[in-house]
Each structure stands twice: as C-alpha cells, then as structure tokens.
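>>> pasting the structure only:
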C-alpha cells in the first residue's frame, strides 16, 4: 500500500505535465511517506514474529547518533537524538549584516541558540535511509529526506536538506570549529531546499578518487516547494587528492595519521524572488527590494580546499556571486574568501591537554565589486575543549569585525562562550 501511494504520486505528476524538478519534488512525497511509516510497520511485523521460536530480537542501544532501536535482522533501524546549544555573548551575538547594524545596543545575552530533535535510520534495507530534523525552539521542520545508497558510485537523495554546495554550510552547527559560521554564510549560502539529487564517489585508486553531487531544487528555500517554472540547478565536484575524503566536520579529532586533502568546485544557478537563503527560508540582502516571482537571477560558484592531518585542520572557500535584477535592471557582483586553521597543540607539546584545540579564521567580503571602500573583514580566534568529541564540547571565541562604507568605518569586538551537547 505504501509503495503504491508513492507510485500513484509519480503517475499523477506525469499526467499533470509539471516541470521536471517540480515533478520530482512532488513525486517524493509518496516515497517519503513510505520511508516514514516503513520502520513502524516493520517493527510491528517483527513484534509479531517475537512469538515465533528463534525470531530475531530487537536491539536497543546508544551510539554517536543517539538512542537506537534496531531489528535483529538489521533491516530496520531507528535513531533518536536531541541536541542543545547554549551561548553567552557580548556585546552582540549575530554578525551585523549592514553598516547601520553596528549601532545596536551593547548587551550581555544568554540564549538557547538551538534545540533540535533528530530522527534517522534505515527501512527495509540498510541502503534505504531516512532522516528528519526538527527545531523545537522555533517549531520548524528543517530536514525531511530519504536516500537510496545501494551503489557507492550512484545514489539518490530526495526531500529537503542543506544543499551540498559549500563546506562551511554543509558542516552541522554542532560539528563546527568555532561558535558559528563566518560572515560569508549570510550572503553566499544556498541553505536548505526541496528537491532531488544524484551523488556518489568514484574510486579509481590513489589520486583518481572523486566525489560528486548534482541536483535540481525548487530554489525558494526551506518550506517552499516553489510555484514557478525556473528551478535551481546545483553541482559540486570534489577531488579527494590522496584517495581519502575529508569528513564534513571541523577539527581533526582522530589525529589522522595519513593526510586527507580535498579540492572542490561547486556552482549554482537560480531564479526566484530572493537574493539570499537561510534556515528561515528565502530573504533579501541589504539594498535589494522585496522580490516578485522570478525577479532575481542568481549565478554563483565556490572554490574550496580542506585538509586534515595529525591534529591539523584547514579549510578555505573562495566565493563569487552575481545577482541580476530582471525587474528593476542592474547586476550586482559579490566576492568573498575565508581561511580557517585549527590544531591540537598537545600533539606538539606534552604540557598542553589533549582535549584542547585552538583555531583561527579570517574572512573577507565585498558586497558590491562596483563600489569602492565597502569591504568587510572578520578575524576570529577560538578555543575548543572536547569532553566527548563534538557530542559534548565547550567553545570560547573572540572576533574582531570591521565594516567600511566610503570614508566611514565601524568595527567591534565580540566574545562568545558556547556549550553544545547531543545525547
């Protein structure tokens, strides 16, 4: 019945002559329903078989992804995890997004920045995976997705999730090296979208090792399936130089004995009412009017590198973005770059505690290349103490932010102390 519903949804989309990306997005609803209800049905069937001699037992445990409930034959797995993030900040918390924003009040704030509930696992087969993520504080469904990973070289991803575009945004906020992402996230991230993607890893041996992602999305941000005929197209090609990909997390917690280095190029094109995206959905960069359907054509690209080796972690991103206003006319070109380096100095000096890591970041952002003296800079130093890896860590961070606007300049120093715990 469940798979019949998925097939019916696909057939309905075919008869309605939808555009290819919207057809795929609508067709996934039936599949997601099947994946969501599948574990419950499967567990019920396993419970019935418990009355039969030699029926497989149900395993209950706890791992890196929370509490686990798994059938004895391994066909169904349910993982449940909660995450909390507490932060003290002074004199402000979020990065100022405009020159005027520096004029805000100086406050000492204590906030629960994130309160997440995560549900994941697999259904029917270990290679048919599902995942949901819900933000309790704002009552927002962030992720709902299903993956078919039977083949390492070719897998399928459907639903709503953070598009595989740039590394800084793909890394979970709970696995970062600093308290939060850089000033480049606000203007350049694609964030969460609804759509479908093909991805895989091509292992030719040694340096002939590549990972790729290619997707089509609604292009209207989280919670919006889209109502126009112009989708978002994305692609990412990643070269795993030494035959080992760098994991999507900050900090080389494993003190990798062999170097892992990646060089990646990603691009995206989209037309929508929006000039930027965030966890809240679509929005506008400063200086842009509230858009109408199809008003802004955005083309963007990022070149990035990342390395982990013997406690050293490095990441770099060079961003370019072009916004073409199809209603008012005019094109705006944006540019940004960041470099970030971290190290467990206990690998070098024995008197430094092993759980302590120090990291630094520099980010540069030019919001309009045709305007002189409007650049923005961020300098950040951070210290991490890992009680249980990224599942339980304390981060202390100090940042210096500098914004230019013609002959005027505003700057400020910010301190943040954060505890992030998952269980």
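Yes, it's here. The structure displayed is predicted, hence computed values, not measured ones. Numbering: from 1, shown residues only.

>>> which stretches of the stretch 51-200 of the chain form strands?
Secondary structure of the stretch 51-200 of the chain (DSSP state E, counting those that start in this stretch): strands located at 58-63, 66-71, 77-90, 109-122, 128-135, 140-148, 155-162, 192-203.

>>> now tabulate the ones you listed in TSV and tack on mean neighbour count.
Just so you know, the C-beta spots here come from the backbone N, C-alpha and C atoms, and that holds for glycine as well. Formatted as TSV, those follow (neighbours: other C-beta atoms under 10 Å):
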stretch	mean neighbour count
strand 58-63	11
strand 66-71	18
strand 77-90	18
strand 109-122	17
strand 128-135	19
strand 140-148	19
strand 155-162	22
strand 192-203	20
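
>>> make TSV out of those strands and add distance to residue 300.
Shown next, in TSV, are these (distance: least, C-beta to C-beta, whole Å):
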stretch	distance to residue 300
strand 58-63	37
strand 66-71	35
strand 77-90	28
strand 109-122	26
strand 128-135	25
strand 140-148	22
strand 155-162	15
strand 192-203	14
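
>>> between these, which gets nearest to residue 327?
strand 192-203 (22.7 Å; C-beta to C-beta).

>>> now do that closest one against strand 140-148, angle only.
30 degrees (axes from the mean of the first three to the mean of the last three C-alpha atoms, to 10 degrees).

>>> report the angle between strand 192-203 and strand 155-162.
Using the same axes, to 10 degrees: strand 192-203 against strand 155-162 is 140 degrees.

>>> isn't residue 334 right up against residue 302?
No. Using C-beta atoms under 8 Å, residue 334 makes no contact with residue 302, being 11.7 Å away.

>>> comparing these two, which shows the higher neighbour count?
The residue with more neighbours, out of residue 334 and residue 302, is residue 302; 25 against 21, by other C-beta atoms under 10 Å.

>>> now for the host helix or strand of the more buried one, which elements pack on it?
Assessed by DSSP states H and E, residue 302 sits inside strand 296-309. Strand 296-309 sits against strand 260-272, strand 312-325, with contacts defined as 3 or more C-beta pairs under 8 Å, 6 or more residues apart in numbering; DSSP states H and E.

>>> so which of those strands gets nearest residue 184?
Of all these, strand 312-325 sits nearest to residue 184, with 5.9 Å by C-beta to C-beta.

>>> may I see the buried residues of the helix or strand just after the closest one?
Going down the chain from strand 312-325, the next helix or strand is strand 331-343, by DSSP H and E. Residues of strand 331-343 classed as buried by neighbour count (16 or more other C-beta atoms under 10 Å): 332, 334, 335, 336, 337, 338, 339, 340, 341, 342, 343.

>>> adjacent strands (with direction) for whatever helix or strand comes next after strand 331-343?
Downstream of strand 331-343, the next assigned helix or strand under DSSP H and E is strand 356-366. Here strand 356-366 is paired, per DSSP bridges, with strand 331-343 (antiparallel), strand 376-386 (antiparallel).

>>> need those in TSV (columns: mean pLDDT and distance to residue 69).
Listed next are these as TSV, based on pLDDT from 0 to 100; distance: least, C-beta to C-beta, whole Å:
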stretch	mean pLDDT	distance to residue 69
strand 331-343	98	36
strand 376-386	97	28
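
>>> and residue 349, how close does it get to residue 356?
Residue 349 is 11 Å from residue 356, where distance means C-beta to C-beta, to the nearest Å.

>>> out of these two, which sits in the more crowded spot?
Taking neighbours as other C-beta under 10 Å, residue 349 and residue 356 compare with residue 356 leading, 13 against 7.

>>> so what's the more buried one up against?
344, 345, 346, 383, 384, 385 (C-beta atoms under 8 Å, 6 or more residues apart in numbering).

>>> so for it, what's the pLDDT?
We have a pLDDT of 98 for residue 356.

>>> tell me the bridge partners for it.
With DSSP bridges as the rule, residue 356 is bridged to residue 385.

>>> same check on residue 233?
With DSSP bridges applied, residue 233 shows beta-bridge pairing to residue 216, residue 269.

>>> picking up where we left off before, which stretch among the helices and strands packed on strand 296-309 comes nearest residue 90?
strand 312-325 (27.1 Å).

>>> what average pLDDT does that closest one get?
98.

>>> show me what it is packed against.
helix 167-170, helix 185-188, strand 296-309, strand 331-343.

>>> could you dump the strands paired with strand 356-366 into a markdown table and include distance to residue 263?
Formatted as a markdown table, these follow (distance: least, C-beta to C-beta, whole Å):
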| stretch | distance to residue 263 |
| --- | --- |
| strand 331-343 | 15 |
| strand 376-386 | 24 |
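
>>> my read: residue 134 touches residue 141, true?
Yes. Taking contacts as C-beta under 8 Å, residue 134 lies within contact range of residue 141: 5.6 Å.

>>> pLDDT weak spots in the protein?
The chain contains residues with pLDDT under 70 at 1-56, 103-105, 225-228.

>>> contacts only, for the residue nearest to the spatial centre of it.
Centroid-nearest residue in the chain, with C-alpha atoms, centre = their mean: residue 170, separated by 2.9 Å. If you count contacts by C-beta under 8 Å, 6+ apart, residue 170 has them with 162, 164, 248.

>>> how close does it get to residue 238?
For residue 170, the distance to residue 238 - C-beta to C-beta - is 11 Å.

>>> swap in residue 308?
Where residue 238 is concerned, residue 308 sits at a distance of 14 Å (C-beta to C-beta).

>>> of these two, who's got more company?
Set residue 308 next to residue 238 and count neighbours by other C-beta under 10 Å: residue 308 wins out with 27 against 22.

>>> touching, that one and residue 255? I think so.
No. Judged on C-beta under 8 Å, residue 308 makes no contact with residue 255 at a distance of 9.1 Å.

>>> quick one: which of the strands paired with strand 356-366 is nearest residue 65?
Nearest of the strands paired with strand 356-366 (C-beta to C-beta): strand 376-386, 17.7 Å.

>>> could you identify the helix or strand that succeeds that closest one?
Next along from strand 376-386, by DSSP H and E: strand 392-405.

>>> elements contacting the very next helix or strand once past that next one?
Downstream of strand 392-405, the next assigned helix or strand under DSSP H and E is strand 408-422. Helices and strands touching strand 408-422, by 3+ C-beta pairs under 8 Å, 6+ apart, are strand 77-90, strand 392-405.

>>> and the contacts of the last one?
Okay, so that is strand 392-405. By C-beta under 8 Å, 6+ apart, strand 392-405 touches 95-96, 99, 102, 178-179, 183, 373-387, 409-422.

>>> residues in contact with residue 85?
Residue 85 neighbours (C-beta under 8 Å, 6+ apart): 112, 113, 114, 115, 173, 174, 418, 419, 420, 421.
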